[in-house]
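A.B. asks: give me the fold of what follows.
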Amino acid sequence: MGLIVQKYGGSSVADAEGLKRVAARIVATKKAGNQVVVVVSAMGDTTDELIDLANQVTPLPNGRELDMLLTAGERISMALLAMAISNLGHEARSFTGSQAGVLTTSAHGKARIIDVKPSRISEAISEGAIAIVAGFQGINQDTKDVTTLGRGGSDTTAVALAAALEADVCEIYTDVDGVYSADPRVVPSAQKLKTVTYEEMLELAASGAKVLHLRCVEYARRYDLPIHVRSSFSNQEGTWVVKDHPEGDSDMEQAIIAGIAHDKSEAKVTIVGVPDRTGVAARIFQTIADADINIDMIVQNVSAAATGLTDISFTLPKSDGAETTAILNRIQGEVGFASLQYDDQIGKLSLVGAGMRSHPGVTATFFACLSEAGINIEMISTSEIRISIICRVEDLEKGVKAAHSAFDLDAEGEAVVYAGSGR
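C.D. replies: Have a look, this model is predicted:
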């Protein structure tokens, strides 16, 4: 008997029919002789609707109360799913994140999991029940307040629970058949990947691929837990996210590039006229870090010899743009820079693949195809297995298609997108 943790996203449980279909799949997994733990997201767009409702009541919702509100979405899903499973003749018990033993930090809206103590879950499955856990939420171990984990938190809940329960696999069900070489909504000819390494998936997730959340992949890598990304709308095998590609997988040996990711959610800040002296950059970025704001790409120009001034540009989530510019304006007098420029009409395009390590010419091919597509590159960032560029947002999808073709990633048929946004 295996122990399988399954996670279903909002598009999979968007309505009563979806809940019944998911319940049937869970029961089939149970009948196959497995112990089953399920993590479920809120139905459809429930979370967005609750956020909109809160913003209609107040422009600045209190973090604690907003978390109390948002966690209701997953509680609705878990209870209805347990009812649907019960209707099929199997016992199911639903648990909130706190009841499931998900302990988190105190940061409302973006809490991180500290530990998982799933004693009640273990008890339920040992008694033959199917455990249904509300994703995206936990409880702060100090204040005992309910917390939410931020976007993609249900993925992280599922992998953390699977690791704590020492599950055989964590299945992430979504509305596409697996991880693709590009977003199939942008590139219909994108091909499904058989396997992706943790390393490649981390880069894809960090670069804007929405099929898996970055934190959940980090968790899986830490505990060497296999993730199977598959569709809840079909029975096809999906994509396995694992430590290494299987030996003898000739397809993967030939594939230099695993995938192409794109991201429209970032903005660029340029600090103009920064004094080029020791400690200035440290002061700027420490101030931003103190506000718990993540920065992505950074470029600093060579300082002008005549003035001793330089420009520093960096990218960050658009959602943090207003706060970041306000913080920098507060320290302008201390740092002595001339002005700020804010640009939220940018897009990030990333090429990811472990094969880059052993194949020269990837950068040249990438930049050549973007040039032929008439796309101007504003910033460049690289890692050992990734090349990212910033361009105008209106050129982003054109760049994805050009790069996908340039690296021969196009498949013969069209990828199937069953519903929703891919999560």
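A.B. asks: so how many other residues sit close to the closest residue to residue 163 other than its chain neighbours?
C.D. replies: Among residues not flanking residue 163 along the chain, residue 223 sits closest, at 4.0 Å (CB to CB, 6 or more residues apart in numbering). Quick note: C-beta positions are derived from backbone N, CA and C, even for glycine. By the criterion of other CB atoms under 10 Å, residue 223 has 14 neighbours.
A.B. asks: can you tell me how far residue 223 is from residue 177?
C.D. replies: 25 Å (CB to CB, to the nearest Å).
A.B. asks: residue 242 now?
C.D. replies: Residue 242 is 18 Å from residue 177, by CB to CB.
A.B. asks: by mean pLDDT, point me to the weakest helix or strand of the protein.
C.D. replies: Lowest mean confidence among the helices and strands of the chain (mean pLDDT, DSSP states H and E): helix 250-254, at a mean of 46.
A.B. asks: now the strands for the stretch 151-300 of the chain?
C.D. replies: Here the stretch 151-300 of the chain has its strands, by DSSP state E, counting those that start in this stretch, at 169-174, 195-197, 227-231, 239-242, 259-263, 266-275, 298-300.
A.B. asks: again but with the stretch 1-150 of the chain, I slipped
C.D. replies: Secondary structure of the stretch 1-150 of the chain (DSSP E, counting those that start in this stretch): strands at 3-8, 35-40, 92-95, 102-104, 113-116, 130-134, 137-140, 146-148.
A.B. asks: out of those, flag the one nearest residue 365.
C.D. replies: Closest of the strands of the stretch 1-150 of the chain to residue 365 is strand 3-8, at 36.5 Å (criterion: CB to CB).
A.B. asks: quick one, the closest one and strand 130-134 angle?
C.D. replies: Here strand 3-8 runs at an angle of 40 degrees relative to strand 130-134 (axes from the mean of the first three to the mean of the last three CA atoms, to 10 degrees).
A.B. asks: show me the contact partners of strand 3-8.
C.D. replies: Contacts made with strand 3-8 from outside it, assessed by CB atoms under 8 Å, 6 or more residues apart in numbering, are listed as 22, 25-26, 29, 34-41, 125, 135, 154-155, 157-159, 161-162, 165-173, 232.
A.B. asks: which residues of the protein fall in helices?
C.D. replies: Assigned by DSSP state H, the helices in the chain fall at 16-31, 46-57, 63-87, 119-126, 153-164, 198-206, 214-223, 250-254, 280-290, 321-330, 332-335, 362-372, 396-406.
A.B. asks: could you dump the last one to CSV, C-alpha only?
C.D. replies: If I follow you right, that is helix 396-406. Taking Å, rounded to 0.1, in the frame of the first residue of the first chain, the C-alpha atoms of helix 396-406 are listed here in CSV:
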residue,chain,number,x,y,z
LEU,A,396,7.1,39.3,-24.7
GLU,A,397,4.8,36.7,-26.3
LYS,A,398,6.4,37.3,-29.7
GLY,A,399,9.8,36.6,-28.0
VAL,A,400,8.5,33.4,-26.4
LYS,A,401,7.4,32.0,-29.8
ALA,A,402,10.6,33.1,-31.5
ALA,A,403,12.8,31.4,-28.9
HIS,A,404,10.6,28.3,-28.8
SER,A,405,11.0,27.8,-32.6
ALA,A,406,14.7,28.7,-32.6
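A.B. asks: no further questions, thank you.
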